[in-house]
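J.: Sharing a model prediction with you, sequence too.
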Amino acid sequence: MEPERRSRKWRWIAGILLIFIAAAAVCVRLTIVRAQPILRARVIETLSARFKSRVELADLNVWVADGLHVEGKGLRIFGTTDPNPWQPGMQPLIEIGGFRFQTSLRRLFRDPMHVDIIYVNGLVVNVPSTNRRQEIRDLRQRGQKMKISIAVDRFVCANTKLIINTSRPGKPPLEFDISDLRLKEIGPGLPLRFDATLVNPRPVGAIHSTGRFGPLNETSPRESAVEGDYSFTHADLGTLPGIGGILSSTGKYSGKLGHIEVDGETDTPDFQIAVSGHRVPLHTDFHAIVDGTDGDTYLDPVKATVLHSSFTARGKIVRVKNPRGHDVELEVLLGQARVEELLKLGIKTDPPIMTGVIEMRTKLSLPAGGEDIGKRLELEGNFHLPAAHFTSDKVQGRIDGLSMRSLGTSGVAPGQAEQAVTSDLKGTFILSHGVLFFSYLHFLVPGTHADMSGKYSLDGDTFDFHGLLRLNAKLSQMTTGWKSILLKPVDPFFHKDGAGAEIPFTVSGTREAPRFGLDFHSKDQHLKEDHLIENGRAAATR
């Protein structure tokens, strides 16, 4: 009897446990079934009340395993107007491809429900243009009066896109692709702390930035505060047509959204312009003002160093609609730069055609487009090389010989070393489509000076100059023997304005095979050249 009684007792206990387990399972099932509509209602209620607008939530799944797990898809929050008229159809203010979070069961029935972290994928934020942001201000005022149903400590977002729309004609929306975004200290009236990795399309690379934004000034979003620092590493400049190299940059920024001041530096140890093919180290230190609402950037100044030469630039980088991209406009000033280093950067010939210190002032224009930079780059300015030396022995030898003859000497006296002749060059120029055009070029060596105009291609294959040589010596004094005797009768024809001789000349051909010769054009052609030279002199004086 005793064993039978014990057996009956355990059967009762087992039955009660089974009933309890069944009841618990039913309760859990009911909780899950009830949790899903509760959470869905909480999400839609919170967002609809916050934005006073239509909210769509395509899917919401809930399950219990070590707490309550929630996954949702297709969340779209609309405004009263279309924030992005560039795209067809009515665009939502906020769109989320998917989200998920976990919390305890007891937190579900609290008000507000507390969530530590929400993970978001495919977030798209459409910020309306300035003249349409009244609805955001209205939404903010309504949201301050509502009771928040869900409180979140942190958001971790992947594949985020921020679109800032503008009403300015010719300005496409400003778009930021953010591969990783982490937000914390989220609350009304508080600045938003962020840690973001932005995907930079051109040049390809990742920009990592941490800082604070806000609180948002919804009366005037441009006045919202922002500050932080950034690093941009291993940016491949080869993704930009016409240049190459791997760039890295670091800096800090602060100010207001419409006026962000940025101080930073860049290093590109292997910078290259395709037309030259030479790789040179490039370093810059810059101060810039960025309009965070449209992406326009104002540089003031950029201090750049190429090899051992430095220059300063000021100007702007403006986003344009057609062709989509950026227009660059800069004022560039070179103080004591080396011409051979600048030529190595921009011209194919090696070694560069000349050496010496150069002073230059130029306007640089680089319009948006898909062509190589060498074809799009435009320059207009003036320069001065007080003591240039040509690297080609053939060219320098002819200049040395010209200087000696124009001084009335036939060579170096016995026992004396030959002195290197340097050239004083100054002029005005325009660079367009890879060709340098000189409207005025002044060339001076001892005994000779020349005024000319012409062009020179950056690939070094062709140059073509025409002008007038003014010599100290007469033609007959530039040679000896019977040639000197034969030239004496023609001296008066070339003697002009106090010069021993004035001779029209041309220089053409290539760097490897220059051709020097007389240039007896028609009278009208010389008058045209004189006019160009005078205009060039006036421009150089200005």
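T.: Here it is on my side, so go on. The shown structure was predicted, so the numbers you read here are calculated from the model rather than taken from an experiment.
J.: switch to C-alpha atoms for all contacts and neighbour counts from now on
T.: Will do.
J.: Now do the helices in the chain.
T.: 2-51, 105-108, 134-145, 339-346, 373-376, 393-406, 481-487, 491-494, 523-541 (DSSP state H).
J.: which stretch in those has the least confidence?
T.: Set side by side, those differ in mean pLDDT, and helix 523-541 is lowest with a mean of 45.
J.: and the residue lying closest to Arg182 once chain neighbours are set aside, what are its bridge partners?
T.: Leaving aside its sequence neighbours, Arg182 sits nearest to Val156 (C-alpha to C-alpha, 6 or more residues apart in numbering; 4.6 Å). Beta-bridge partners for Val156, by DSSP bridges, are Tyr119, Arg182.
J.: ditto for His384
T.: The partner residues for His384, given DSSP bridges, come to Glu359, Lys426.
J.: so what's the residue nearest to Thr103 when sequence neighbours are not counted up against?
T.: Nearest in space to Thr103, with sequence neighbours left out and distances taken as C-alpha to C-alpha, 6+ apart, is Leu68 at 5.3 Å. Going by C-alpha atoms under 8 Å, 6 or more residues apart in numbering, Leu68 touches 62, 102-105.
J.: Narrow these to just the buried residues.
T.: Buried members of the contacts of Leu68, scored by 16 or more other C-alpha atoms under 10 Å, are 62, 102-105.
J.: List just the nearest of those residues to Lys496.
T.: Nearest to Lys496 out of the buried ones among the contacts of Leu68 is Gln102 (C-alpha to C-alpha; 95.5 Å).
J.: check contacts around the closest one.
T.: Contact analysis of Gln102 by C-alpha under 8 Å, 6+ apart lists 67-70, 115, 117-118.
J.: Which among those count as buried?
T.: For the contacts of Gln102, a burial check counting by 16+ other C-alpha under 10 Å picks out 68-70, 115, 117-118.
J.: In strands only, show me the residues you listed.
T.: Using DSSP state E, 68-70, 115, 117-118 are the members of the buried ones among the contacts of Gln102 that sit in strands.
J.: Tabulate those residues (a markdown table), appending pLDDT.
T.: Below are those laid out as a markdown table (pLDDT from 0 to 100):
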| residue | pLDDT |
| --- | --- |
| Leu68 | 78 |
| His69 | 83 |
| Val70 | 84 |
| Val115 | 83 |
| Ile117 | 89 |
| Ile118 | 90 |
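J.: okay if I get those residues as JSON lines plus distance to Asp464?
T.: Shown next, in JSON lines, are these (distance: C-alpha to C-alpha, whole Å):
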{"residue": "Leu68", "distance to Asp464": "80"}
{"residue": "His69", "distance to Asp464": "77"}
{"residue": "Val70", "distance to Asp464": "75"}
{"residue": "Val115", "distance to Asp464": "75"}
{"residue": "Ile117", "distance to Asp464": "70"}
{"residue": "Ile118", "distance to Asp464": "69"}
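J.: Can you give me the buried ones in stretch 111-131?
T.: 113-115, 117-130.
J.: Hmm, I typed the wrong one, I wanted stretch 431-438.
T.: Applying 16+ other C-alpha under 10 Å to stretch 431-438 flags 431-432, 434-438 as buried.
J.: What of stretch 208-224?
T.: For stretch 208-224, by 16+ other C-alpha under 10 Å, it's 208-216, 218, 221-224.
J.: contacting residues for the residue nearest to Phe465 when sequence neighbours are not counted?
T.: Nearest-residue entry for Phe465: Gly454, 4.1 Å, with adjacent residues in sequence omitted and distances by C-alpha to C-alpha, 6+ apart. Gly454 is in contact with 437-439, 463-466, counting by C-alpha under 8 Å, 6+ apart.
J.: okay if I get those residues as JSON lines plus pLDDT?
T.: Formatted as JSON lines, the contacts of Gly454 follow (pLDDT from 0 to 100):
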{"residue": "Phe437", "pLDDT": "91"}
{"residue": "Phe438", "pLDDT": "90"}
{"residue": "Ser439", "pLDDT": "90"}
{"residue": "Phe463", "pLDDT": "78"}
{"residue": "Asp464", "pLDDT": "86"}
{"residue": "Phe465", "pLDDT": "87"}
{"residue": "His466", "pLDDT": "88"}
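J.: sorry, back to before: now do the contacts for the residue nearest to Arg182.
T.: Applying C-alpha under 8 Å, 6+ apart, the residues near Val156 are 117-120, 180-183.
J.: I'd like the distance between it and Glu95.
T.: For Val156, the distance to Glu95 (C-alpha to C-alpha, to the nearest Å) stands at 15 Å.
J.: Asp111 too?
T.: 25 Å.
J.: what about the nearest residue to Ala450 once chain neighbours are set aside, how many neighbours?
T.: In space, Ala450 comes closest to Leu469 once its chain neighbours are excluded; the distance is 4.5 Å by C-alpha to C-alpha, 6+ apart. Residues near Leu469, counting by other C-alpha atoms under 10 Å, number 22.
J.: beta partners for Leu469?
T.: Per DSSP bridges, the residues bridged to Leu469 are Ala450, Ile503.
J.: Over to Thr284?
T.: Beta-bridge pairing of Thr284 under DSSP bridges involves Thr266, Ala304.
J.: show me the contacts for it.
T.: 265-267, 302-305.
J.: cutoff 10 Å now
T.: Contact analysis of Thr284 by C-alpha atoms under 10 Å, 6 or more residues apart in numbering lists 249, 264-268, 302-306, 310-312.
J.: Show the pLDDT at it.
T.: Confidence for Thr284, expressed as pLDDT, is 94.
J.: how much space between it and Thr297?
T.: Applying C-alpha to C-alpha to Thr284 and Thr297 gives a distance of 16 Å.
J.: quick one on the thing from earlier: of the contacts of Gly454, which pair is most distant in space?
T.: Pairwise over the contacts of Gly454, using C-alpha to C-alpha, the maximum falls at Ser439 and Phe463, 13.9 Å.
J.: what touches both of those two?
T.: By C-alpha under 10 Å, 6+ apart, the residues touching both Ser439 and Phe463 are 454-455.
J.: Extract the residue ranges of the stretch 301-450 of the chain that are flagged as low pLDDT.
T.: Confidence mapping of the stretch 301-450 of the chain against pLDDT under 70 gives the ranges 409-419.
J.: Just the strands from it, written as ranges.
T.: Assigned by DSSP state E, counting those that start in this stretch, the strands in the stretch 301-450 of the chain fall at 309-320, 325-338, 354-355, 357-366, 378-390, 423-432, 435-445, 448-457.
J.: Could you figure out how far the last one is turned away from helix 393-406?
T.: Our comparison of strand 448-457 with helix 393-406, counting by axes from the mean of the first three to the mean of the last three C-alpha atoms, to 10 degrees, yields an angle of 160 degrees.
J.: how far is strand 448-457 from where the chain is centred?
T.: On the basis of C-alpha atoms, centre = their mean, to the nearest Å, strand 448-457 sits 35 Å off its chain's mean C-alpha point.
J.: Just the angle for that strand relative to strand 435-445, thanks.
T.: Using the same axes, to 10 degrees, strand 448-457 lies at 160 degrees relative to strand 435-445.
J.: likewise the longest one?
T.: Strand 325-338 and strand 435-445 meet at an angle of 20 degrees, taking the same axes, to 10 degrees as the criterion.
J.: do the fifth one as well
T.: Using the same axes, to 10 degrees, the direction of strand 378-390 lies 40 degrees away from that of strand 435-445.
J.: just checking, what packs against strand 378-390?
T.: Applying 3 or more C-alpha pairs under 10 Å, 6 or more residues apart in numbering; DSSP states H and E, one finds that strand 378-390 makes contact with strand 325-338, helix 339-346, strand 354-355, strand 357-366, helix 393-406, strand 423-432, strand 435-445, helix 523-541.
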